[in-house]
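Next comes the sequence, and after it the predicted model I'd like to discuss.
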Amino acid sequence: MRRILYLLPVVVFLVLGGFFWRGLQMDPQLIPSPMIDKPAPAFALPPLKTDKPGLASADLQGKVTLVSFFASWCVPCRAEHPLLMELAATHQVNLVGVNYKDKPEDALAWLGKLGDPYAAIGADRDGRVGIDFGVYGVPESYVIDKQGRIRFKQTGPFTVEDISNKLLPLVAELSK
Amino acid sequence: MIAETGHFALILALFVAIIQAVVPLVGAHRGDRAWMDVARPAALAQFLLIGLAFGALTWCYVTSDFSVLNVAQNSHTDKPMLYKVSGVWANHEGSMLLWVLILALYGVAVSAFGGNLPPALRARALSVQSMISIGFILFILLTSNPFARLDPAPLNGNGLNPLLQDPGLAFHPPFLYLGYVGFSMAFSFAIAALIEGRVDAAWARWVRPWTLAAWVFLTLGIALGSWWAYYTLGWGGYWYWDPVENASFMPWLVGTALLHSSIVVEKRDTLKAWTILLAIIAFSLSLLGTFLVRSGVLTSVHSFATDPARGVFVLGLLFVCTGGSLTLFAIRAPSLKAGGLFAPMSREGSLLLNNVLMSTAAGTVLLGTLYPLIADALNLGKISVGPPFFNGVFLPLMVPVVVTMTVGPLLSWKRSDLGSALARLKLAFVAALAVAIGSWLMAGGSATPLLAAGGFGLAAWLFVGSLLEWGERVRLFRAPFGESLRRAAHLPRATYGMTLAHAGLAVVIAGLTGSATWTTEKIQVMRPGDTMEVAGYELTLQGTEEVKGPNYTALRATFHTTKNGVFVADLKPEKRQYTMPPRPTTDAAIHTNMIGDLYAVIGEPDGKGGFVTRLYYNTLVPWIFLGAVIMVFGGLVSLTDRRHRVGAPLRKPQTLAAPAAAKA
């Protein structure tokens, strides 16, 4: 009995080690979305800000749009934010935001602090629209083509490489 | 040529490490003194060779030799000299070189200061230390060679991430590594003891200073990192429960537990298997931290260049090192004989209770950090675990820790009386109650007055309790003053170390509580000439100017600050745009009066002549860093304790006649 107790640490470690091994095979950034190439779900979200429109599925028609799910409580969103600011400044894509499961006052303070890159922001307070999109966690971003179909999904924050190697070429192609 | 010399020195160091790992171990097994003593010159040679390799890389950085890939990727001629040097370890390859350099430094320190160690124990510990070294030198040579050449060499380098160009961060990694790697000493001694099958008071006394040194460096490293985040990331926070922060915090928690359980081994000759286990876990968590940061299995704000091949290698190291040592533990630990009896109400009982609580706390942090990975592997979906989990689980665990750590030092070894210990803490209880009620009333307007009451009450309890315990030892106000003074002078330094470290933690707790309760934050657009009022201060935006730094241009704002019309300071926050790589950073302006920080950040222009400004008053935040410094100081004081210098209790007292006797 006493011996078994002393075996416990190594057993726990082996279980954890198995998870690490499994973790190395997976990319925490990318997961295929069953929503790819399907029309974006129908939704209509109230605006977060008084001086900026909210977001509805009808707004996604006619131009290539990047829908970014973000929240003030999410640390990776902070890391990603300066890149979105830069992206917005280039005007290469219609960047809109969905504020996910957040308190409006927190979100407003957050955008006030870090800048607001979005052309329109919908407030998804209960995360309902996030569920329809299949959001696992924030930040998560979807590229929507002119016909309103989801063409690409980014799970986790964008990096500089993601934007220049994946996002911008895809946007350029879809904008043709 | 210099780079090749460095590369070659590192390869030689690998061979020396192999000799140091094998020969002394065989020697210790056979009882061959000559073979055992190979460890000492080998440790020195290994340190000099790795030092040469490190020096070569530093030289490449200082002279901006862009024909070296690593330098080209991470440096730039315009970078100030300090960041050319700190750039050596601000990237993956160089930081691993620093890792092995520090590992070798500890090895050399054991061979230099370990003259009073039993030869077999020293030989085995240095051998284990060298096995770790082999693993990491191989890691560098096979997956992360810092000396790789680049042909043709570019005219200039890519530069260093501007966020890392900061004095606080220049010294954060070395201290952190001195802490992480320092736990390798306790680990090596633990493995050596398991191989020998013997753990006794003398063993604990040898291990303690190394653990203490590692703890001091790790505390300092974590505090520096937190301080850096506070003043450069520009949103007034200092701790985010980010995976990489947790990776440094878990070894700290377990290391703190180890520090205390090794006292029990030394004084009471019991709790041996537990202490050995903690030594193994403390270092394994340091390795785990390395794995999490380098492999990219978790997403974090600390983005190191990640590479799956590196992840596999570090995981392999983790399996060999932790898996192997825990297996050895499972085989050998059951036969470790425990000494004295164990009464729950005693000094050792309270130390054990806190040990269990600290380990549980480390376990919850581990669970929270790894949960996204585990959930992902089990197809439960991608999730992130945020501060609400950690604050909700970790903080309640700390409450009994603080309550116990105040009472514990007043209990005597073996068997004690809780009633009399509590009676001596009456004053601390009164102080805690008064402070709790006072802060509850003061925080009445806030949403979290109970948290404030609890936090400040605990801080007061710990602070006053620690001082009372010291007063008790010197019989302050009970014996004549001269007697107390004499006693104070003769108290062991380790006792002062404990009092300081515990009081320092009380200051940290007060700082954390204060910042959580009273921080005020104002975000608005201001035009030159506008005045904002924050926590009783009036801040007037006088204007903005363009300034040029060595490798950046900055927008610098000047806030003229007054309190009740009296001039306080000019706050000059900057928004910098670095040229290489082109990235913006914020440089907050902080004015501290030690009770709180006035913290100003200048943000984006609104295009109409105004700027977004963020003004904070961070109450008691300076206390967090002050408290950490007191804790570090306490650790250093304890490190100078006489018993660490005299070494093993078993050693025969030396007399003046001894050399003569030895000759004969």
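Everything's here; your move.

Please count neighbours and contacts with C-alpha atoms only from this point.
Will do.

Those residues of the stretch 551-664 of chain B touching chain A, which are they?
Counting by CA under 8 Å from any CA of the partner chain, the residues of the stretch 551-664 of chain B close to chain A are B:Gly603, B:Glu604, B:Val612, B:Thr613, B:Arg614.

Lowest-confidence one in those?
Of all these, B:Glu604 has the smallest pLDDT value, namely 73.

Figure out the length between the terminal residues of stretch A:43-62.
Stretch A:43-62 stretches 17 Å from its first residue to its last (CA to CA, to the nearest Å).

if we can go back for a sec, can I get the residues of the stretch 551-664 of chain B next to chain A in CSV with secondary structure?
Formatted as CSV, those follow (DSSP: H, G, I helix; E, B strand; the rest coil):
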residue, secondary structure
B:Gly603, strand
B:Glu604, strand
B:Val612, strand
B:Thr613, strand
B:Arg614, strand
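
Tell me if I'm right that B:Phe389 and B:Gly368 touch.
Yes - under the criterion of CA atoms under 8 Å, B:Phe389 makes contact with B:Gly368 at 7.4 Å.

So between the two, which is more surrounded?
The residue with more neighbours, out of B:Phe389 and B:Gly368, is B:Gly368; 21 against 14, by other CA atoms under 10 Å in any protein chain shown.

Tell me who's in contact with the more buried one.
With contact taken as CA atoms under 8 Å, 6 or more residues apart in numbering or on different chains, B:Gly368 is in contact with B:Val385, B:Phe389, B:Phe390.

Grab the most central residue of chain A for me.
By CA atoms, centre = their mean, chain A has its centre lying nearest to A:Glu140, at 1.2 Å.

now the residue of the stretch 51-200 of chain B found nearest chain A, nearest residue through space, not along the chain?
Residue of the stretch 51-200 of chain B nearest chain A, by CA to the nearest CA: B:Leu163 (12.0 Å). Sequence neighbours aside, B:Thr585 is the residue nearest to B:Leu163 in space, at 6.6 Å (criterion: CA to CA, 6 or more residues apart in numbering or on different chains).

ditto for B:Val88
Counting by CA to CA, 6+ apart, the residue nearest B:Val88 is B:Gly94, at 5.2 Å.

does the residue of the stretch 51-200 of chain B closest to chain A sit in a helix, a strand or a coil?
helix.

Could you report the pLDDT at it?
For B:Leu163, the predicted pLDDT is 72.

Poorly predicted segments of the stretch 401-550 of chain B, please.
Scanning the stretch 401-550 of chain B for pLDDT under 70 picks out B:444-448.

Helices of that one, residue ranges please.
Assigned by DSSP state H, counting those that start in this stretch, the helices in the stretch 401-550 of chain B fall at B:418-424, B:426-442, B:449-473, B:481-490, B:493-518.

circling back: helices or strands up against whichever strand or helix holds the residue nearest to B:Val88?
Using DSSP states H and E, B:Gly94 falls within helix B:92-113. Packing partners of helix B:92-113 (3 or more CA pairs under 8 Å, 6 or more residues apart in numbering or on different chains; DSSP states H and E): helix B:39-62, helix B:119-143, helix B:167-196.

again, only using 6 Å
Helix B:92-113 sits against helix B:39-62, with contacts defined as 3 or more CA pairs under 6 Å, 6 or more residues apart in numbering or on different chains; DSSP states H and E.

how far out from the middle of the chain is the following helix or strand past the helix it packs on?
For helix B:39-62, the succeeding helix or strand toward the C-terminus, using DSSP H and E, is helix B:69-74. The chain centroid and the centroid of helix B:69-74 are separated by 28 Å, computed with CA atoms, centre = their mean, to the nearest Å.

What of stretch B:520-531?
Distance, stretch centre to chain centre, for stretch B:520-531: 37 Å (CA atoms, centre = their mean).

list the buried ones in it?
Buried residues in stretch B:520-531, counted by 16 or more other CA atoms under 10 Å in any protein chain shown: B:Glu521, B:Ile523, B:Gln524, B:Val525, B:Met526, B:Arg527, B:Pro528, B:Thr531.

now stretch A:122-142
Within stretch A:122-142, the residues that count as buried by 16+ other CA under 10 Å are A:122-125, A:127, A:129-130, A:133, A:135-142.

now, which of those residues sits nearest B:Ala452?
A:Arg125 (29.4 Å; CA to CA).

Skipping adjacent residues, who's closest to the closest one in space?
Leaving aside its chain neighbours, A:Arg125 sits nearest to A:Lys101 (4.5 Å; criterion: CA to CA, 6+ apart).

Could you count how many residues lie near the one you found?
Count around A:Lys101 with other CA under 10 Å applied: 20.

Spell out which residues of chain A are next to chain B.
With CA under 6 Å from any CA of the partner chain as the criterion, chain A meets chain B at residues A:Tyr6, A:Leu7, A:Val10, A:Gly23, A:Leu24, A:Tyr136, A:Gly137.
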